[in-house]
Each structure stands twice: as structure tokens, then as C-alpha cells.
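**Q** coords below, sequence missing:
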């Protein structure tokens, strides 16, 4: 392996991480408040979960294709890829946060209410802390899938490790394929392990 | 006795999911007494307790707490003046025993030193060594210990009224008896007013100042335990018959 390849791997890996990081962070910024809001609204909850479910079923390559021609949000480059990745990350975070909040033992919620906690206090002092392990689990699924999906972003010029894959496929270059696939796999495994560790650390029981 | 009644319930009816669960309930609870609501499952006793706490809205009638109609109370303030203990304690699993007991004082902005002292006092009062139990989490406690913590939590801010929803129903008989004894001791020392729900006639006879029988959503006039033992209403007889059956079974020699 020459030094040129090594430095490419590092640069593209960092680019890859950046795509995933921004996408997952934006998905959190939308999904967490949305989940808090939806927790008390069953009708709206069905709609929102339906929407994110549908977004999830669109094949990633097709989603990139759909977003490309859109004005403002579409076009070649990083921002389109980030948008697509965030849409995929929404569902696991939203669903797991809701599961966590709604899964709190009814006896615990009821005694919180009966002791004179306000709805806001119940949310922040009881429901959210108890939902944390579930939220982190959602974050973990979102991050790991984003790392994989982000390799496709190279097809719309967003960079990242997918650049190696595009090159490898086009030129039937095994070394380039491995240079893209291996770091992505390592990254996904590391994210999985790391977030699982955090999940365990934050579990109250 | 409107001057000493902490809780006055007048002609209360409650409807849950289209079904009338409570019909025209009237009941006074005077300062210092323990009124036991005795009834079968589905008789509406838990609903009555929830209605007092404002967890279930009344369909008709009125509840007055400390002389004021419940509708005029800020519901959060009112609830903080009623300790509430439920069957499985409902402790917060992510908080230590100390944080659980100190909940209402914390919500009421007591200073931390005062809360710590109060927690220590209450742990001792329910028979648990403060140094040993303060830092534990609910999952590190037995069922009986959890119920004791639940009672300590309800007592924390010294509320004028305590509501108990079958607090000893899910513990083993020996622990239950210990908890009942402790309840009597505690009542002697703190002179609390309590509304206590149970389906266990023995528990009712042991703990009650007065027993009010709840039968399919309707309340029979409250009786002292002695009066209750002589009661002639069909529902009271049904409960007492169960008690006699128990005695007879217990007196059978083993091996038969």
C-alpha cells in the first residue's frame, strides 16, 4: 500500500465521518423534540411514524436520485447526501425515543402524577431519564446504518469512502474496493460497540 | 362534623369509559382516623381513591379537601398535600431510596439538609436502617422494603391526608403482617388521617377506625370494626363468611 493511498483513506474516512455525524446530529435535532411532542398525541404519532416508515422504504440510491433535481435542497454535493442520510436516521431515533417514553411503567407515571409532579416534571425527571437507554439504542441503529448508506453518497458527488467504491467498480479495481469497504466496516463496528457501551452505562437497571 | 373533616365527599358519581363506576358516594374522613374502603375487585374502590386525588374526574357531586372544594384547588398543590401509596409502590427505578423519599420535599424546594434529615427520620420510622438503605435503588429492595419506602415517600412532606391503594396486597403474608403492625405503630406516632383501600376484611378489621363497604359502586354507611362484625347487610355478611371459612380451615388438624 503506497502512502498516497493511505492518505486518501484517511481523508475520505474523515469526510465519511463528517457526513454521518452531521446527518445523525440533524436527525436527532428533529426526531428528539418531535418524539417528545408526539408522545402525548397518539393521532399525530401514527402519521409521523407512517411518514418515517415510508422514507425508510425508499431505496437509498433512488432517494438520492429523487433529491437531485429538487431546487434548493437538491443538487450535486454534500448537502443532498446529508439530507438523505438524515431522513433514514429519523425513523430509528424517533421510534426508539417514543418507545422509551411510552414504555415507562404506568405505575411509575401514575405515582409521579399522584405525588404532584407537573407534566413537564414527569417528562424531564421521569420519562426521559428512563427512556435514555432506548434513545441511545436508536442512535446506534441510525449511526451504523448511516455509515453503510453514506458510501452511496459518492454517486452524487458527496465524497466519503464511497469514492473508492465508485472507482473500484468502474475500473474493476479490487484494491480500491477494499480501501473503501474495510474502513467503512471498521467504522460501523466501532460505532456499534461504542454506542452499545454507552447504552449499558446509562441503563438505570 | 365539617370543622374537623379533612375530606368530605358529597354525592359523588364517576363514569369511566361509559360505565358508571361510582354512584352517589358520600363520605367524611375526620382528622386522625383511618377509613378503610373495603370491597371486591371491580367495586370501584381504587376509582374512589383516584377521584379524591384528582386522577379521575367526577361526573357529579363534590369533593372538599381541607374545607375547600377540589375544583378550587390547584391540582398539583392539592396532590402534594395527599400522600399516595399504591400496590407495587411505584418507586422511581432510576432514583435512589433517598431521592425517592425526598421527592415531594424537593418539589416543594426544601433545603437539602432538611430533606436529608427528613429522609433519615422516615427510614427509621418505617423500620429500615438509614445508612444501609439510603443509597440503594428500588431493584435492590425486596417487595416489603419497597412498600416501606413507598410509605416513607408518601409521608415525606407531612401531608394532612394519606391515600393507600392496597399497599400490602402483593407481599407475602408474614411481611404483610409486619407491615400492618408497622402501620399501626406509625399511626400512633404520627396521628395521620388515612383513606385505605383493601379487599382483605382481616386487614380492614385490624387497621380501620371505620370500615366503609363499597359494593358495585355504592357505599354502605361506615361502621366501626365492632359494628362491622355484627353487620347484617348481604355484602358485609359475604366478607365475614369468608373470614369464618378461613378460621375453620386453619383449625383443621393437618393430614385430613
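**A** Nice, I can see it. Bear in mind that the values here come from a model prediction, so they are computed numbers and not experimental data.
**Q** what pLDDT, on average, does the lengthiest helix in chain A get?
**A** In chain A, assigned by DSSP state H, the helix with the most residues is helix A:3-38. In this model, helix A:3-38 carries a mean pLDDT of 91.
**Q** Next to chain B, which bits of chain A? Give me the list.
**A** A:105, A:107-108, A:110-118, A:121, A:126, A:129-130, A:204-205 (C-beta under 8 Å from any C-beta of the partner chain). C-beta coordinates here come from the backbone N, C-alpha and C atoms, glycine included.
**Q** Are any of those buried, and if so which?
**A** Buried members of these, counted by 16 or more other C-beta atoms under 10 Å in any protein chain shown: A:108, A:110-117, A:121, A:126, A:129-130.
**Q** quick one on the thing from earlier: okay, and which of the residues of chain A next to chain B map to helices?
**A** Those of the residues of chain A next to chain B lying in helices (DSSP H): A:107-108, A:110-114, A:121, A:129-130.
**Q** Give me the neighbour count for residue A:132.
**A** Residues lying near residue A:132 (other C-beta atoms under 10 Å in any protein chain shown) number 18.
**Q** which stretches of chain A have low pLDDT?
**A** A:1, A:204-205 (pLDDT under 70).
**Q** Looking at the ones in helices among the residues of chain A next to chain B, which two lie furthest apart in space?
**A** A:114 and A:129 (19.0 Å; C-beta to C-beta).
**Q** Now do stretch B:138-156: distance to the chain's middle.
**A** 14 Å (C-alpha atoms, centre = their mean, to the nearest Å).
**Q** I meant stretch B:35-48, not that one.
**A** 11 Å.
**Q** what does stretch B:6-26 give?
**A** On C-alpha atoms, centre = their mean, the centre of stretch B:6-26 falls 18 Å from the chain's centre.
**Q** and it with chain A, contact?
**A** No. Legend: contact between stretch B:6-26 and chain A by C-beta under 8 Å from any C-beta is lacking; minimum distance shown is 14.7 Å.
**Q** what's in contact with that stretch?
**A** Outside stretch B:6-26, the residues that touch it by C-beta atoms under 8 Å, 6 or more residues apart in numbering or on different chains are B:2, B:27-31, B:44, B:47-48, B:51-52, B:56-66, B:160-161, B:193, B:195, B:217-219.
**Q** give me that answer again for 6 Å
**A** Stretch B:6-26 is contacted by residues B:27-29, B:31, B:44, B:47-48, B:51, B:56, B:58-65, B:160-161, B:193, B:217-219 when judged by C-beta atoms under 6 Å, 6 or more residues apart in numbering or on different chains.
**Q** buried stuff in it?
**A** For stretch B:6-26, by 16+ other C-beta under 10 Å, it's B:6-10, B:12-15, B:21-23, B:25.
**Q** Can you report phi and psi for the residue lying closest to residue B:176 once chain neighbours are set aside?
**A** In space, and not counting its chain neighbours, residue B:176 is closest to residue B:168: 4.6 Å by C-beta to C-beta, 6 or more residues apart in numbering or on different chains. Backbone torsions of residue B:168, given as degrees, to the nearest 10, read phi -110, psi 10.
**Q** which ones are touching whatever residue of chain A ends up closest to chain B?
**A** Residue nearest to chain B within chain A: residue A:111 (3.1 Å; C-beta to the nearest C-beta). When contacts are counted by C-beta under 6 Å, 6+ apart, residue A:111 touches B:86, B:90.
**Q** if we go to 7 Å?
**A** Contact analysis of residue A:111 by C-beta atoms under 7 Å, 6 or more residues apart in numbering or on different chains lists B:84, B:86, B:90.
**Q** Residue A:145 too?
**A** Taking C-beta under 7 Å, 6+ apart, one finds residue A:88 in contact with residue A:145.
**Q** Is it part of a helix or strand, or is it coil?
**A** helix (DSSP: H, G, I helix; E, B strand; the rest coil).
**Q** Against residue A:54, how distant is it?
**A** Counting by C-beta to C-beta, to the nearest Å, the gap from residue A:145 to residue A:54 is 16 Å.
**Q** can you give me the strands for the stretch 1-150 of chain B?
**A** B:5-16, B:19-30, B:34-38, B:60-65, B:68-69, B:82-85 (DSSP state E, counting those that start in this stretch).
**Q** same deal with the stretch 151-256 of chain B?
**A** Going by DSSP E, counting those that start in this stretch, the stretch 151-256 of chain B shows strands at B:161-165, B:193-198, B:210-215, B:218-219.
**Q** Compare those and report which one is nearest to residue B:124.
**A** strand B:161-165 (18.5 Å).
**Q** Bridge partners for the nearest residue to residue B:228 once chain neighbours are set aside, pull those for me.
**A** Nearest residue to residue B:228 in three dimensions, chain neighbours excluded: residue B:211, at 4.7 Å (C-beta to C-beta, 6+ apart). The residues listed as beta-bridge partners of residue B:211 by DSSP bridges are residue B:36, residue B:223.
**Q** burial of residue B:211, as a residue count?
**A** 27.
**Q** same question, residue A:123
**A** Residues lying near residue A:123 (other C-beta under 10 Å) number 17.
**Q** contacting residues for it?
**A** residue A:36.
**Q** before we move on, the earlier item: residue B:36 is in contact with the residue nearest to residue B:228, correct?
**A** Yes. Using C-beta atoms under 7 Å, residue B:211 makes contact with residue B:36 at a distance of 5.0 Å.
**Q** Secondary structure element holding the nearest residue to residue A:142 once chain neighbours are set aside?
**A** Of all residues not flanking residue A:142 in the chain, residue A:89 sits nearest, at 3.9 Å (C-beta to C-beta, 6+ apart). Element membership for residue A:89 (DSSP states H and E) is helix A:78-102.
**Q** tilt between that helix and helix A:106-114?
**A** 80 degrees (axes from the mean of the first three to the mean of the last three C-alpha atoms, to 10 degrees).
**Q** now for helix A:78-102, which elements pack on it?
**A** helix A:3-38, helix A:42-57, helix A:60-67, helix A:128-149 (3 or more C-beta pairs under 7 Å, 6 or more residues apart in numbering or on different chains; DSSP states H and E).
**Q** Let me see the contact set for the residue nearest to residue A:142.
**A** With C-beta under 7 Å, 6+ apart, residue A:89 has these contacts: A:23-24, A:27, A:142, A:146.
**Q** Tell me, how many residues neighbour residue A:4?
**A** Residues lying near residue A:4 (other C-beta under 10 Å) number 8.
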